[in-house]
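Asks: Here's my sequence, what's the structure:
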Amino acid sequence: MADTLVDFLLEDLKRILSYSRINFIIAEKDQIESLIMDLEFIRSFLDDSEEKCNDNNELNLLVAQIQDVTWKTLDDLDSFVCSVLMQKDETLAGKVVRVFDHSSTLESFEKEIQFIKTKVKEIYYNKLYGIGVQEVNSSGENLRRSSSPILGEKEIVVGFDNEVITIKERLVALKQQLAVISIVGMAGLGKTTLASKVYNDPLIVHHFDLRAWVCVSQVYHKRELLFDILNYIVENKGDLYKMKDERLAEELYKRLKGHRYLIVIDDIWNIGAWEDLRRSFPDDKTGSRVMLTTRVTEVALNINCSTPHYLRFLSKDESWDLLQKKAFPNENCPSELWRIGKEIAAKCQGLPLAVTVVGGLLAKEEKTKTWWEQVSDRVSSYITGDAEKKYMDILILSYNHLPCHLKKCFQYFGAFPEDNEISVRWLIRSWIAEGFVKQMGERRLEEIAEEYLMDLVDRSLVLISKKRSKGGIKVCRIHDMLRDLCSRQGKKMNFLQQFKRYETLVHNSLCFHSHGYHYAISGNVCDAHVGPLPPFAHVYMKGMLISTHIKSFVYKLLKVLDLGFINLSGFPDEILHLIHLRYLKLHVDSLNKLLPQIQNLWNLETLVIVIDHRRFGCKVTIPPNMWEMVKLRHLYISGKLEFEKPCYNYVLDNLQSLSALPLSHSTEDSEFILKRTPNLRKLTFHNSLSTLEKISIPDLSNLTHLETLKLIDNSVAELESIPPPSKFPPSLKKLTLKGGNLDWEEISNLGKLPNLEVLKLGDSFFSGTTWKTNEGEFGRLKYLELSWMDLEFWITSSSSHFPSLQHLVLDRCMYLEEIPSCIGDVPTLDMVEVSWSSRSAMESARIIQEEQMELGNDGLQVVLVYERFGMVRSKSTYNLKALME
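Replies: Now for the predicted structure:
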């Protein structure tokens, strides 16, 4: 907590000295400059002492003193920033102003800082508590680049072959009555991994008409469980949101009735969750199955009429096999490490999660016998005592060897609910907002944060759930046992604190968390009175409700405020007082204009405002002083942004993503904005004009860093044309185009873009019966998606037309006759997905796979999703040989 308070204080002091909007004279200028130098020195000490504070009371007292002194001073400074700088008190122009109310306040603060500085120097000079001068700058600059395996590789699984066969046989048995198969075992044994392996097995995918997966966890809500299952089997979900719980249960019953289905209920803790769901599972004697995983044997016995499948521990040989694969993913283990390696594997006592995490630790360090012996000794010290503590201590070994900059990032996962799938974009921006990601040279903070995440993945501490179309991680998650570790370590380090106000955690749960504390408050938002809260917090709220009690969520030093799941009537004025805010996400019923006071949030880096979908595409006016928010990195408002022109020539150099600019017949307004946002990497245009005038895409060639471009056209206006390649920047890699109704001939301009890797076309952006591709186009395209297109004939004469294609997706292409057979000859192609499209198109995908198998290419995966009796049926032919075995 002390480190963040010092950061806040430094920001305020630097802001005051650098402010030039009002020409006033600061009386204490020299003293403030001296204070900044002293505080930066103390801030470095806090980084160096972080590891040592746990075991030393004297060091803890010094850090607490720094915290107290800093907190007292912040009150004065924040008041000054709000009243003078943010409100632009022009009456002060040319006058001498005092930042501190009384000179005695400043003098007292200086004396306390000098005393602390002397103590810190003494620690460095005498190398007390194991802290040396050479460590002052060790804040992450020596981070190695990740040498990660390719994303999307299958999770390494050992010892499950017989288990998979057993579960598969029980699922496809001749018994026609609805049956429940339960997998029982302690945390970390691999219950979810086994269930997932079976769920995605080609034979199982082929056998069942419908499949769905729902994760329950200790805290659940019946409505969410029903939604999660229906999400797999209902195409149009709009009406579901209006239904009450009982109506949802009836809808699920109707959708499943008459079909052979498989429902996986993962991580169920009590019989209540089963009682809430079981009436929605019809038994039509079709061979349907429910597969569940649980740690609690009693739950399985109470639910199940057949014998549970008890998951076993790994043998010593299996543990050693898994450890080798994790520690040496791309090479063989040297023979001199075999003996000690087998010892380490055996000491993990057959728990796959423990073996995996220890293997991740060994993979990131030097492969020396001395280091492996140290690991073996430490694991040995943990193998006595009760099972849960024993395995948790083994996991802590890996945590203790994380670099400092990764420990806070890892602890942050403790703020999320169990089994939560986490948006990597949200996670990374939150890490940056919290100050966990340190600048390294000229590299982007987002790039550094992605390396942090990949480092945690490499150490087997974080799992990849979903990949992006152009590479990288889109969604991640963390094992429950590791999440518990995050929570425990967060509390121990005074980083994270959790408590429940009410007995049960319901859908509208609130979370307040930051560097210093974390609060999880359950119950009605209006009744969440918990007394004095810490001076700052990260606020993450989840719940669908209307709330006008926004004052309950305003805390002085808030850095991250996420109200994305709370329906607010408008933009809350109280938020404009949170001058330290870096990340803000809101969901509002309506918004016509941002208030000029938005500039008060001068630290803001990410602003996301989602406007009710009924007003999608509405105009939102941005005040001219928004251009003074120079730290802004990401701006997303789900309306058409209309920027008022500023009086000064401001440039938002840090802005990387902007959504959404309107399109019109004139490109003058757009080009005015784009000239002042030269470093954009992601840009969205949205058009919903009701006039028949033609609209144009502006010249984007000067946006030399632009990688992702989206154009959404929902208007009746006509898009003039696709600009020539010279009007796009060479850096463009991902392009999403919807609406438009241009002729297919226009696509050639896109094919000539030199670095285009991902192309998503939807809603008949190109319209017409025929698309004929040309040689020499789309040379680097890796991902192609066609959705809701009226295309009938796709003519491609050679695989050289798409020489780099890896992934082809066709969605709701109802009229397409076939996929060109030569697409199968593209040497890089590894996945074809066809859903809700014409039968002939789906059949052509199947034929392409068969032809490739005859040529010896068994690696091409084909996924087909189609309608059957009005229902969605999922069928995958991943590998036809596997289906026949």
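Asks: quick one: low-confidence ranges for the stretch 201-350 of the chain?
Replies: 236-238, 304-305 (pLDDT under 70).
Asks: Could you measure from residue 825 over to residue 852?
Replies: Distance, residue 825 to residue 852, using C-beta to C-beta, to the nearest Å: 8 Å. For every residue, glycine as well, the C-beta is placed using N, CA and C.
Asks: now do residue 462
Replies: Taking C-beta to C-beta as the measure, residue 462 falls 35 Å from residue 852.
Asks: List of residues touching whichever strand or helix holds residue 325?
Replies: Element membership for residue 325 (DSSP states H and E) is helix 316-327. Helix 316-327 has contacts (C-beta atoms under 8 Å, 6 or more residues apart in numbering) with 156, 158-159, 314, 332-333, 341-342, 344-346, 348, 350, 352, 355-356, 358-360, 362-363, 367, 460.
Asks: And residue 844, how far from residue 789?
Replies: Residue 844 sits 16 Å away from residue 789 when distances are taken as C-beta to C-beta.
Asks: Those two: which has the busier surroundings?
Replies: Neighbour comparison, residue 844 and residue 789: the larger count goes to residue 789, with 26 against 23 (by other C-beta atoms under 10 Å).
Asks: Can you name the residues that contact that one?
Replies: For residue 789, the contacting residues are 761, 762, 764, 765, 766, 813, 816, by C-beta under 8 Å, 6+ apart.
Asks: Greatest separation within those: which pair is it?
Replies: Within those, two members stand farthest from each other by C-beta to C-beta: 765 and 816, at 15.3 Å.
Asks: rewinding a little: the inter-axis angle of the helix or strand just after the helix holding residue 325 versus helix 316-327?
Replies: Of the helices and strands lying after helix 316-327 in sequence (DSSP H and E), the nearest is helix 338-347. Counting by axes from the mean of the first three to the mean of the last three C-alpha atoms, to 10 degrees, helix 338-347 lies at 110 degrees to helix 316-327.
Asks: Pull out the CA atoms of helix 338-347 and give them to me as PDB.
Replies: Coordinates of each C-alpha in helix 338-347 appear next as PDB, following Å, rounded to 0.1, in the frame of the first residue of the first chain:
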ATOM      1  CA  TRP A 338      17.100 -38.000 -14.200                       C
ATOM      2  CA  ARG A 339      17.700 -39.100 -10.600                       C
ATOM      3  CA  ILE A 340      17.000 -35.800  -8.900                       C
ATOM      4  CA  GLY A 341      14.100 -35.200 -11.300                       C
ATOM      5  CA  LYS A 342      12.400 -38.500 -10.400                       C
ATOM      6  CA  GLU A 343      12.800 -37.600  -6.800                       C
ATOM      7  CA  ILE A 344      11.100 -34.200  -7.300                       C
ATOM      8  CA  ALA A 345       8.300 -35.900  -9.300                       C
ATOM      9  CA  ALA A 346       7.800 -38.500  -6.600                       C
ATOM     10  CA  LYS A 347       7.600 -35.900  -3.800                       C
END
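Asks: Packing partners of it?
Replies: Applying 3 or more C-beta pairs under 8 Å, 6 or more residues apart in numbering; DSSP states H and E, one finds that helix 338-347 contacts helix 316-327, helix 352-364, helix 369-380.
Asks: between these, which gets nearest to residue 727?
Replies: Closest among the helices and strands packed on helix 338-347, using C-beta to C-beta: helix 352-364, at 45.5 Å.
Asks: what's the closest one in contact with?
Replies: Residues outside helix 352-364 that contact it (C-beta under 8 Å, 6+ apart) are 156, 158-159, 187-190, 193, 314, 319, 322-329, 344-345, 348, 372, 375, 379, 391, 394-395, 397-398, 401, 455, 458-461, 479, 481-482.
Asks: Now, of these, which are buried?
Replies: The neighbour count (16 or more other C-beta atoms under 10 Å) marks 156, 158-159, 187-190, 193, 314, 319, 322-329, 344-345, 348, 372, 375, 379, 391, 394-395, 397-398, 455, 458-461, 479, 481-482 as buried among the contacts of helix 352-364.
Asks: Check whether residue 424 really touches residue 453, as I assumed.
Replies: Yes - contact criterion C-beta atoms under 8 Å: residue 424 and residue 453 qualify, at 6.6 Å.
Asks: Overlap in contacts, these two.
Replies: With contacts defined as C-beta under 8 Å, 6+ apart, the residues shared by residue 424 and residue 453 are 473, 476.
Asks: Residue 175 - how many residues pack around it?
Replies: A count of nearby residues for residue 175, using other C-beta under 10 Å, gives 12.
Asks: I'd assumed it was in a helix, is it?
Replies: No - according to DSSP: H, G, I helix; E, B strand; the rest coil, residue 175 belongs to no helix; its state is coil.
Asks: tell me the phi and psi of it?
Replies: phi -50, psi 130 (degrees, to the nearest 10).
Asks: How about the secondary structure of residue 70?
Replies: On the three-state scheme (three-state DSSP), residue 70 is labelled helix.
Asks: Quick check: the gap between it and residue 632.
Replies: Residue 70 is 27 Å from residue 632, by C-beta to C-beta.
Asks: and what of residue 756?
Replies: From residue 756 across to residue 632, the span is 28 Å (C-beta to C-beta).
Asks: how far off helix 352-364 does the helix holding residue 325 point, in degrees?
Replies: Using the same axes, to 10 degrees, the inter-axis angle of helix 316-327 relative to helix 352-364 is 40 degrees.
Asks: hang on, the earlier thing: which of the contacts of residue 789 lies closest to residue 579?
Replies: residue 762 (41.2 Å).
Asks: who touches the closest one in this structure?
Replies: Listed by C-beta under 8 Å, 6+ apart, the contact set of residue 762 reads 736, 737, 738, 785, 786, 787, 788, 789.
Asks: any chance of the contacts of residue 789 in CSV, plus secondary structure?
Replies: CSV is the format used below for the contacts of residue 789 (three-state DSSP):
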residue, secondary structure
761, strand
762, strand
764, coil
765, coil
766, strand
813, coil
816, coil
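Asks: Go through these and name the one nearest residue 120.
Replies: Of all the contacts of residue 789, residue 120 sits closest to residue 762, with 58.9 Å by C-beta to C-beta.
Asks: can you give me the helices in the stretch 1-150 of the chain?
Replies: Assigned by DSSP state H, counting those that start in this stretch, the stretch 1-150 of the chain shows helices spanning 2-18, 29-49, 57-80, 103-126.
Asks: buried ones in the shortest one?
Replies: Think helix 2-18. Applying 16+ other C-beta under 10 Å to helix 2-18 flags 2-13, 15-16 as buried.
Asks: Also stretch 468-479?
Replies: For stretch 468-479, the neighbour count (16+ other C-beta under 10 Å) marks 469, 471, 473, 474, 475, 476, 477, 478, 479 as buried.
Asks: sorry, back to before: packed most tightly, which of the helices of the stretch 1-150 of the chain would that be?
Replies: Mean neighbour count (mean count of other C-beta atoms under 10 Å) peaks for helix 2-18 among these, with a mean of 19.
Asks: That one packs against which elements?
Replies: Applying 3+ C-beta pairs under 8 Å, 6+ apart, one finds that helix 2-18 contacts helix 29-49, helix 57-80.
Asks: and the longest one, how far from the chain's centre?
Replies: Just to be clear, that refers to helix 57-80. 33 Å (C-alpha atoms, centre = their mean, to the nearest Å).
Asks: residue contacts, residue 838?
Replies: Neighbouring residues of residue 838 by C-beta under 8 Å, 6+ apart: 813, 814, 815, 816, 817.
Asks: Using PDB, write out the CA atom coordinates for stretch 308-325.
Replies: Output in PDB follows, covering the C-alpha atoms of stretch 308-325 (Å, rounded to 0.1, in the frame of the first residue of the first chain):
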ATOM      1  CA  PRO A 308     -18.900 -42.600  -9.300                       C
ATOM      2  CA  HIS A 309     -15.600 -42.600 -11.200                       C
ATOM      3  CA  TYR A 310     -12.900 -41.900  -8.600                       C
ATOM      4  CA  LEU A 311     -10.000 -40.200 -10.200                       C
ATOM      5  CA  ARG A 312      -6.700 -41.700  -9.100                       C
ATOM      6  CA  PHE A 313      -3.300 -40.100  -8.400                       C
ATOM      7  CA  LEU A 314      -0.500 -40.400 -10.900                       C
ATOM      8  CA  SER A 315       2.000 -43.100 -10.500                       C
ATOM      9  CA  LYS A 316       5.700 -42.200 -10.000                       C
ATOM     10  CA  ASP A 317       6.500 -43.000 -13.600                       C
ATOM     11  CA  GLU A 318       3.600 -40.900 -14.800                       C
ATOM     12  CA  SER A 319       4.600 -38.000 -12.600                       C
ATOM     13  CA  TRP A 320       8.100 -38.200 -13.900                       C
ATOM     14  CA  ASP A 321       6.800 -38.300 -17.500                       C
ATOM     15  CA  LEU A 322       4.600 -35.200 -16.900                       C
ATOM     16  CA  LEU A 323       7.500 -33.300 -15.100                       C
ATOM     17  CA  GLN A 324       9.800 -33.900 -18.000                       C
ATOM     18  CA  LYS A 325       7.300 -32.600 -20.500                       C
END
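Asks: Good, wrapping up.
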